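> model the structure of this input:
(chains A, B, C and D)
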There are 4 protein chains.
Amino acid sequence: MRPLHTLKNAPYAQSDAQLPTQPTEPEDMSTPNNSSSFPVVIINTGGTFNKIYQPLTGLLTVANDERTIEDLLHSAAPNLDLHLIGVVHKDSLDMTQDDRTSICETIRNLSPSLNAAPIIIIHGTDTMHETALFLDKAELNRVIIMTGAMRPAQIDPIEAALHLGMTLGFAAATPHPGIYIAMHGRVLPYNQYRKNRTIGIFQTK
Amino acid sequence: MRPLHTLKNAPYAQSDAQLPTQPTEPEDMSTPNNSSSFPVVIINTGGTFNKIYQPLTGLLTVANDERTIEDLLHSAAPNLDLHLIGVVHKDSLDMTQDDRTSICETIRNLSPSLNAAPIIIIHGTDTMHETALFLDKAELNRVIIMTGAMRPAQIDPIEAALHLGMTLGFAAATPHPGIYIAMHGRVLPYNQYRKNRTIGIFQTK
Amino acid sequence: MRPLHTLKNAPYAQSDAQLPTQPTEPEDMSTPNNSSSFPVVIINTGGTFNKIYQPLTGLLTVANDERTIEDLLHSAAPNLDLHLIGVVHKDSLDMTQDDRTSICETIRNLSPSLNAAPIIIIHGTDTMHETALFLDKAELNRVIIMTGAMRPAQIDPIEAALHLGMTLGFAAATPHPGIYIAMHGRVLPYNQYRKNRTIGIFQTK
Amino acid sequence: MRPLHTLKNAPYAQSDAQLPTQPTEPEDMSTPNNSSSFPVVIINTGGTFNKIYQPLTGLLTVANDERTIEDLLHSAAPNLDLHLIGVVHKDSLDMTQDDRTSICETIRNLSPSLNAAPIIIIHGTDTMHETALFLDKAELNRVIIMTGAMRPAQIDPIEAALHLGMTLGFAAATPHPGIYIAMHGRVLPYNQYRKNRTIGIFQTK
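As a prediction, this is how the structure comes out:
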């Protein structure tokens, strides 16, 4: 994969003034964000998506950085006002309630200039639903789109890029605040979409 | 890339009955399509996205099939009710008005069961805007999301998968009918987003 | 990786007659095998080289087939008279003396028409030396070239292809019978080349 | 592909003293080079092997650097005393006699400490034979192994890595001085192995 060595973020002051914070059309359909910049927050928590092979141990471990996400966004970077934040770097089976609290605090502490920015969370698939439930109870009133991968991006960059692209495309449609899961071709409210562990595919309930 | 050998499409009769054809919420934000199946039409017209290296001639030529798109959708296929249609397979600089008429006719002739399905068009980037204008004038009253790539998927599967994922994510948000372009991190109405040929990046106008 | 769907092996009767079984030049330098076909035996025993990610369990396991080797040989297949034999499919730490006996028996039982063919063994790196020692004691009087990889070919096809290419190139030079290790840029008699486990690189002693 | 950012070459004085310059065994079989370091000269002349996609023009052009070769050697670098020299960077159909003279001069001007080092030449496949003939007439009395690829390494790293590996493996066997071609699974004297342009495969004559 081609590495993104720099992800330069433009200053926020001007762009925020143009965000469509007050939608007014009378239909339940989206109008794309058409401001000159597109602020996006990506919170990395690790998961299979970020696993890297360790040749000395023979193990796949969650990378302790945001490199995988940067690599996948190389073609999108010029148009994103990207705020990429690593909160934890864990297999989702090791995620604790403290980790989930950290994710919430990270969201609450975002700059006010990012109030209208969609939030994408990269997360392991096994406990994605638990974290979604936790975030839902926190009543953050934000657009939160969770994604992950069944195969490490290092092994299958196509699945990871497709899923990350789905989060950007959904975010671009100015969805209602809520907690969504973008996996395996669909984006749905988290409580309508669950991982079927027998086949390793997210399905509608 | 891992090939998708089969893309089985479920019959449409039942699923269509569940499509949210009558949105009723009073806000200009999207509600995701939460029907049990997600019908999507993908119209392939070729472009750099689909170019394949020909070792005997040393040329990159547009493949005369839909294989690249199938490969990129391997993780999404289980949840998509995919209608993948090859209309032309051309470099977009070779696209004629007849070709654009063929795309229109293909859309008009879709099964009535697909009336609410979003339409994704894979297209070369150089004349994406011309085709969008043509489709706009045809007043199709459909959600049409155009995408492509600056590098062949065979060379850079990440860009192609990210862009294709953006179309699926945007489509999942039940956008207003219109002609959109999904490229380089953003999805915008086609008349707000143009290719800057000097740098090879789509930009807001 | 592009799959090799068929590896057609030509019959052996004619080609064997042309093998340079009686080298006569008075120097300790090699003359390449220039017969019209190039018979090569590849014995697969598994190892990291052949590991495949299992999305349901999150584990990398040794594939129970020869698919990885076939994929890596796609450009070489037209010129090889390839005899690809899976003996065991194991992490090399799980290899037993019984497994090593199986490898020896496989070699002893090769068709007499393959008497002059080089034998390439794909093997895990951790016990490559133990198997080499076992084969040496068996006094097989064959050209045996062992290779493997520090990263699964599925993750790093370049390392695996480079190593496999080294075995073919060394074999093409009609080396003396002996047990060789082809890893990390060099091909040496097994007792002169050892894995340094601290850095994961084979080194001269 | 993972880039090799540094290729540190050790000094040559000590290692050369250990090179097996006086082979003495009475058989026409090779003894591997078992000195503590393995000096290798790689001369890059470009060709399809080194072609890179240019997104602004849509063309594949020969890169004006040695980056592709460095990337492919990442696993071998720790054990190679690598002298990587770019002489020209051309499609082989554009290669002139002046270019071939430059290759000869580069070889004649190598440091005397590299007198016993094998020379690998990366070259386009269409005129590989012409350059081999030119080098043969120059009576360089060196081991010269030419290779290339039918597909750019950027598109098919497996073919390129396999071919480059074949050159290293053949070189490791201390072959007779001569001009060899390593392509498509075999390494043979250049006058016994020719590209069949109808099928794009090198074949014995």
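
> contact residues of chain A facing chain C?
A:48, A:53, A:55-56, A:58, A:60, A:91, A:150-152, A:154-156, A:197, A:199-200 (Cβ under 8 Å from any Cβ of the partner chain). (Each C-beta comes from the backbone N, C-alpha and C, glycine too.)

> and chain B, which of these contact it?
Among the residues of chain A next to chain C, chain B is touched by A:150, A:156, A:199 when using Cβ under 8 Å from any Cβ.

> in chain A, which residue is most central in space?
Nearest to the mean C-alpha position of chain A, by Cα atoms, centre = their mean, lies A:Ile120 at 2.4 Å.

> buried subset of the residues of chain A next to chain C?
A:48, A:53, A:55, A:58, A:60, A:91, A:150-152, A:154-156, A:200 (16 or more other Cβ atoms under 10 Å in any protein chain shown).

> just the closest of the residues you listed to C:Cys104, please.
A:Gly58 (26.6 Å; Cβ to Cβ).

> residue contacts, the closest one?
C:48, C:60, C:91 (Cβ atoms under 8 Å, 6 or more residues apart in numbering or on different chains).

> how close does it sit to C:Lys90?
13 Å (Cβ to Cβ, to the nearest Å).

> same check, this time on A:Val143
A:Val143 is 49 Å from C:Lys90, by Cβ to Cβ.

> compare these two (neighbour count), which wins?
Taking neighbours as other Cβ atoms under 10 Å in any protein chain shown, A:Val143 and C:Lys90 compare with A:Val143 leading, 22 against 19.

> got the confidence number for A:Leu73?
We have a pLDDT of 98 for A:Leu73.

> actually, A:Met29.
Predicted confidence (pLDDT) for A:Met29: 60.

> kindly report the same for A:Ser36.
Taking A:Ser36 on its own, its pLDDT is 73.

> please enumerate the strands of chain A.
A:38-46, A:51-54, A:59-62, A:80-90, A:119-122, A:143-147, A:178-183, A:186-189, A:193-196, A:201-204 (DSSP state E).

> what's the fifth one in contact with?
In this case it means strand A:119-122. A:40-47, A:49-50, A:69, A:103, A:107, A:110, A:131, A:142-148, A:164, A:167-168, A:171.

> listing partners with orientation, what would you give for it?
Using DSSP bridges, the strands paired with strand A:119-122 are strand A:38-46 (parallel), strand A:143-147 (parallel).

> isn't A:Asp99 right up against A:Thr45?
Yes - applying Cβ atoms under 8 Å as the test, A:Asp99 and A:Thr45 come out as touching, 7.1 Å apart.

> for the two, indicate the residue with more neighbours.
Neighbours were counted for A:Asp99 and for A:Thr45 using other Cβ under 10 Å; A:Thr45 has more, 29 against 18.

> please work out which of the strands paired with strand A:119-122 is packed deepest.
strand A:143-147 (a mean of 26; mean count of other Cβ atoms under 10 Å in any protein chain shown).

> show me the shaky parts of chain A.
By pLDDT under 70, the low-scoring segments of chain A are A:1-35.

> and whichever residue of it sits closest to chain B, how many residues sit next to it?
Closest to chain B within chain A is A:Gly165: 2.4 Å, counting by Cβ to the nearest Cβ. Close neighbours of A:Gly165, defined as other Cβ under 10 Å, add up to 33.

> grab the nearest non-local neighbour of it.
Distances taken as Cβ to Cβ, 6 or more residues apart in numbering or on different chains place B:Gly165 nearest to A:Gly165, at 2.4 Å, with adjacent residues excluded.

> contacting residues around the one you found?
For B:Gly165, counting by Cβ under 8 Å, 6+ apart, the contacting residues are A:161-169.

> what is the nearest of the residues you listed to D:Thr125?
Taking the contacts of B:Gly165 together and measuring to D:Thr125 by Cβ to Cβ, the closest member is A:Ala161, at 32.7 Å.

> now the closest one: how far from D:Leu60?
23 Å.

> which residues are common contacts for A:Asp99 and A:Thr45?
Taking Cβ under 8 Å, 6+ apart as the contact rule, A:Asp99 and A:Thr45 both touch A:87-88, A:90.

> what is the nearest of these to chain C?
Set against chain C, the nearest of the shared contacts of A:Asp99 and A:Thr45 by Cβ to the nearest Cβ is A:Lys90 (13.2 Å).

> ok, the closest residue to that closest one other than its chain neighbours - contacts?
Closest residue to A:Lys90 in three dimensions, ignoring its sequence neighbours and counting by Cβ to Cβ, 6+ apart: A:Gly46, at 4.6 Å. Residues near A:Gly46 by Cβ under 8 Å, 6+ apart: A:62-63, A:88-92, A:122-124.

> if you set the cut-off to 10 Å instead, what comes out?
Residues counted as contacts of A:Gly46 (Cβ atoms under 10 Å, 6 or more residues apart in numbering or on different chains) are A:61-64, A:68, A:86-92, A:94-95, A:99, A:122-124, A:148.

> now the buried members of the residues you listed.
Buried, going by 16+ other Cβ under 10 Å: A:62-63, A:68, A:86-92, A:95, A:99, A:122-124, A:148, out of those.

> max pairwise distance over the residues you listed: which two?
Across these (Cβ to Cβ), the longest gap, 18.9 Å, separates A:Thr68 and A:Asp99.

> tilt between the top helix by length along chain A and strand B:178-183?
Counting residues, the longest helix found in chain A (DSSP state H) is helix A:157-172. Here helix A:157-172 runs at an angle of 130 degrees relative to strand B:178-183 (axes from the mean of the first three to the mean of the last three Cα atoms, to 10 degrees).

> run through the bridge partners of the nearest residue to A:Asn196 once chain neighbours are set aside.
Ranked by Cβ to Cβ, 6+ apart and with sequence neighbours excluded, the top spatial neighbour of A:Asn196 is A:Gln203, at 5.0 Å. For A:Gln203, the beta-bridge partners are A:Arg194 (DSSP bridges).

> ok, now A:Ile119?
Beta-bridge partners, per DSSP bridges, of A:Ile119: A:Val41, A:Ile144.

> count of residues packed around it?
Count around A:Ile119 with other Cβ under 10 Å applied: 25.

> distance of it from A:Thr127?
From A:Ile119 to A:Thr127 the distance is 18 Å (Cβ to Cβ).

> most distant residue from the centre of chain A?
A:Leu56 (30.6 Å).

> test my guess that that one contacts C:Gly200.
Yes - using Cβ atoms under 10 Å, A:Leu56 is in contact with C:Gly200, at 4.9 Å.

> related to what we said a few turns ago, filter the contacts of A:Gly58 down to the ones close to chain D.
Among these, proximity to chain D is found for none (Cβ under 10 Å from any Cβ of the partner chain).

> among those, which one sits closest to chain D?
Checking the contacts of A:Gly58 one by one against chain D (Cβ to the nearest Cβ), the nearest turns out to be C:Thr48, at 12.4 Å.

> tell me the contacts of that closest one?
With Cβ under 10 Å, 6+ apart, C:Thr48 has these contacts: A:53, A:55, A:58, C:60, C:62, C:91-92, C:123-126, C:148-153, C:155, C:159-160.

> let's see it at 7 Å
Taking Cβ atoms under 7 Å, 6 or more residues apart in numbering or on different chains, we find C:Thr48 in contact with A:58, C:124-125, C:148-152.

> widest-spaced pair of the residues of chain A next to chain C?
So, the residues of chain A next to chain C by Cβ to Cβ: farthest apart are A:Leu56 and A:Ile199, at 33.3 Å.

> buried residues of stretch A:159-179, list them for me.
A:159-176, A:178-179.

> again with stretch A:98-107
A:99-100, A:103-104, A:106-107.

> swap in stretch A:129-140?
A:129, A:131-132, A:134-135, A:138, A:140.

> and the residues you listed, which of them are in helices?
A:129, A:131-132, A:134-135.

> dump the residues you listed to JSON lines, plus distance to C:Asn191.
Shown next, in JSON lines, are those (distance: Cβ to Cβ, whole Å):
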{"residue": "A:His129", "distance to C:Asn191": "55"}
{"residue": "A:Thr131", "distance to C:Asn191": "54"}
{"residue": "A:Ala132", "distance to C:Asn191": "58"}
{"residue": "A:Phe134", "distance to C:Asn191": "58"}
{"residue": "A:Leu135", "distance to C:Asn191": "60"}
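
> okay then, goodbye and thanks.
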